Structures are given as structure tokens and as C-alpha cells.
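>>> fold the following.
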Amino acid sequence: VIDSDEGEKRLAMRRSPGGQFNERTPQHPGLDVEALLMRSALEVGVPEPEVYHVLTLDDGLGEGFIMEWIEGEALGARIVKAAEFNEIRPRLAYECGKILAKIHSINLDATGLRDKLWEIPPDEFVAQTWERYQLLESPQPMIDYAASWLKAHVPTNYETRLVHNDFRNGNFMLLPDGISSVLDWEVAHIGDPMRDLGWICTNSWRFGRPDPVGGFGSYEDLFRGYEEQSGRRVDPEHVRFWEVFGSFWWAVGSLGMGEHYRSGPDKTVERPAIARRSSECQIDCANLLIPGD
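Have a look, this model is predicted:
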């Protein structure tokens, strides 16, 4: 908390674990780039905290940044169930569509983000996930089947834009009157923007509710918000590809959590607890790809 001309102001510090300055890679560009992403999003109207300062070596605090404190609920299960959000939930899918369109409008060159983020086309994203799965040496027939379908249906007609890559229920903060902040920019990349629309529709992020968009809304409302803000039409089949990919990707990711537990470095009970969800994601793939009840 600091004193300012506007009175007392609460701040938040985002810092790397242990306060280390980590090695930069295209897939993990660092917290300074995450701060740049948040600043760039705020400039185009995405709800974000203001970033006041990006830490340097001279600050002696490690890698990170200092930002405005934002209030809001981030637990997905509460967002789909809590009575305090009853009024906003019917409008939330539409608002998510508008926010995603704003994120995808960020100018990669003017912001300098093009030189700081990795670019991955859809076919490479599928291949990379498939290779990661094979290294786990844990054959899962439904993952094999989903990978085969994805390879045969890779989108080729898409615009290359900034992709948040983890925009979903549980990764934004919500107040009774709307979204107060978009969180978790650390896996942003340059690629097919429909990845973001498919990810928020992935069944894992519905928290037990039937509504396809985050457990709170419809495809139609999500697409309408996106189209009105962007001026571009959404192809539902294009989004469906990324919805299938979302369950495939998280099935592999969850399986990897089990390997983390078996071989280290993380032996916490959280790893196998998440690993068991791979079977749920495989069921989601079956429901999306195999006709019938």
C-alpha cells in the first residue's frame, strides 16, 4: 500500500519464483514481456491492471513487475454458481467475445511484441503436442484417435494474430458488473486467434455446467460479441477444431502431470490429482468426435 495524490493505493507485485531472472526463450519470454502484453491489452480496451514498474537487476527484487491491485473473483466454480453473478452471467459469453476480439486487434509491430513472442501455426501446435505425448510412453487410444483427427482437419485459412492462449473461466477476474481483469498472459503466442475461442469452450473449463462457453454462456453469444467487436465472421467449424484440440492438449498435459509426480521434480499430491483428469479430457474428445449418445 502506498500514499498517492489520489489517497491510499494498494499495489500487487508479480514476481518469478525465488525472485530469479530466468533465461529467456521464445516460449517463455519473461515477466517483462508479460507486463508489455498487459499494457498493450489495456491500450486497446481490455480490462487490465495498470503496470507501474517493471523490475530490473538494480531493484534487487528479482524478475517481475508492480501493478495496480484489482478486485474480483477468479475461481471458475464460483463464477458459474455464485448468486452474486446471477445478473452478469447471461451477458458474460458476449463480453468474452468482445474482449477476445480486442486482444486479437493488438498491433504486434507497433507494440514490439512480434519480436518477443514465438509464432506457431496450427499444424505445428498439433505436432508439438503429439510429440510431447509420445515421450510420455503411456499409450492412450483416444489421444491417438484425436491426434489423427486433428492432423486431418488442420485449419489452413486463418489470420495470424496475437493469441492469449489461456483465456478461460478461471483466468479472468469477475465483479457483479463484469470482467475486471484478464489474467495469465505467460503462454501468449502468435498464431491462429480461433485457438482462444475454442479454449474457452473446452469442457474442462465449464466446471460441471452444460453451457459450452465457460459453463455460463452459448456459442452464439460468444461469436456475436466477437463479430460485433472485430467485424470478422466466426466459422463455428474452425472453432470446433480448437475445442477438440483443447481437450486433446489438456489430456496430454494432464498425463504429463503424472510423469512429473513419478520422476520429479514435483512430488506434490496436486500432480497426480490433476493427472487423473486426462481420462475426462479423453471422454470429451470422444463426445466431440464420435457420433451418438
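>>> now do the strands in this structure.
Listed in chain order, the strands of the chain (DSSP state E) span 2-4, 7-9, 11-15, 51-54, 64-68, 161-163, 172-175, 178-182, 189-191.
>>> which stretch among those comes nearest T25?
strand 189-191 (12.0 Å; C-beta to C-beta). From N, CA and C alone the C-beta is placed, and that goes for glycine too.
>>> ok, back up a step: export the strands of the chain to CSV and tack on mean neighbour count?
Shown next, in CSV, are the strands of the chain (neighbours: other C-beta atoms under 10 Å):
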stretch, mean neighbour count
strand 2-4, 8
strand 7-9, 9
strand 11-15, 14
strand 51-54, 16
strand 64-68, 19
strand 161-163, 23
strand 172-175, 21
strand 178-182, 19
strand 189-191, 20
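>>> could the ones you listed go into a markdown table alongside mean pLDDT and distance to R224?
Listed next are those as a markdown table, based on pLDDT from 0 to 100; distance: least, C-beta to C-beta, whole Å:
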| stretch | mean pLDDT | distance to R224 |
| --- | --- | --- |
| strand 2-4 | 62 | 40 |
| strand 7-9 | 83 | 37 |
| strand 11-15 | 94 | 33 |
| strand 51-54 | 96 | 31 |
| strand 64-68 | 95 | 31 |
| strand 161-163 | 98 | 19 |
| strand 172-175 | 98 | 19 |
| strand 178-182 | 98 | 17 |
| strand 189-191 | 97 | 24 |
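>>> for those, which one sits closest to V154?
Closest of the strands of the chain to V154 is strand 189-191, at 12.1 Å (criterion: C-beta to C-beta).
>>> on that earlier part again, among the strands of the chain, which comes closest to P122?
Nearest of the strands of the chain (C-beta to C-beta): strand 189-191, 7.1 Å.
>>> if we can go back for a sec, dump the strands of the chain into TSV; add distance to F21 as well.
Shown next, in TSV, are those (distance: least, C-beta to C-beta, whole Å):
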stretch	distance to F21
strand 2-4	25
strand 7-9	27
strand 11-15	11
strand 51-54	12
strand 64-68	10
strand 161-163	25
strand 172-175	28
strand 178-182	25
strand 189-191	22
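>>> so which of these is nearest E220?
Of all the strands of the chain, it is strand 178-182 that lies closest to E220, at 19.3 Å by C-beta to C-beta.
>>> parallel or antiparallel, list what pairs with that closest one.
Strands adjacent to strand 178-182 in the sheet, as given by DSSP bridges, are strand 172-175 (antiparallel).
>>> from the chain's centre, how far out does the strand it pairs with sit?
Between the centre of strand 172-175 and the centre of its chain there are 14 Å (C-alpha atoms, centre = their mean, to the nearest Å).
>>> number the residues from 529 up from this point.
Understood, numbering begins at 529; the last thing we discussed is strand 700-703.
>>> so what's the closest residue to G600 other than its chain neighbours up against?
Spatial nearest neighbour of G600, chain neighbours left out: M701 (2.9 Å); criterion: C-beta to C-beta, 6 or more residues apart in numbering. If a contact means C-beta atoms under 8 Å, 6 or more residues apart in numbering, then M701 has 598-602, 707-709, 711 as its contacts.
>>> picking up where we left off before, of the strands of the chain, which is nearest P618?
Here strand 706-710 is closest among these (C-beta to C-beta), at 12.2 Å.
>>> so where do the helices sit in this structure?
With DSSP state H as the criterion, the chain has helices at 559-571, 604-609, 617-632, 636-639, 650-663, 669-680, 722-728, 747-758, 764-791, 798-803, 806-817.
>>> if we go by neighbour counts, what in the last one is buried?
The reference is to helix 806-817. Neighbour counts over helix 806-817 (16 or more other C-beta atoms under 10 Å) mark 806, 809-810, 812-813, 816-817 as buried.
>>> and for the fourth one?
In terms of neighbour count (16+ other C-beta under 10 Å), helix 636-639 has its buried residues at 636, 639.
>>> rounded mean pLDDT for that helix, please.
Mean pLDDT, computed over helix 636-639, is 98.
>>> what do you get for the third one?
Within the predicted structure, the mean pLDDT of helix 617-632 is 98.
>>> and what of the second one?
In this model, helix 604-609 has an average pLDDT of 97.
>>> centre of the chain versus that helix, how much separation?
So, by C-alpha atoms, centre = their mean, the centroid of helix 604-609 is 17 Å from its chain's centroid.
>>> which residues are in contact with that helix?
601, 613, 617, 696-698, 702, 733-737, 739, 742-744.
>>> please consider this matter closed, and thank you.
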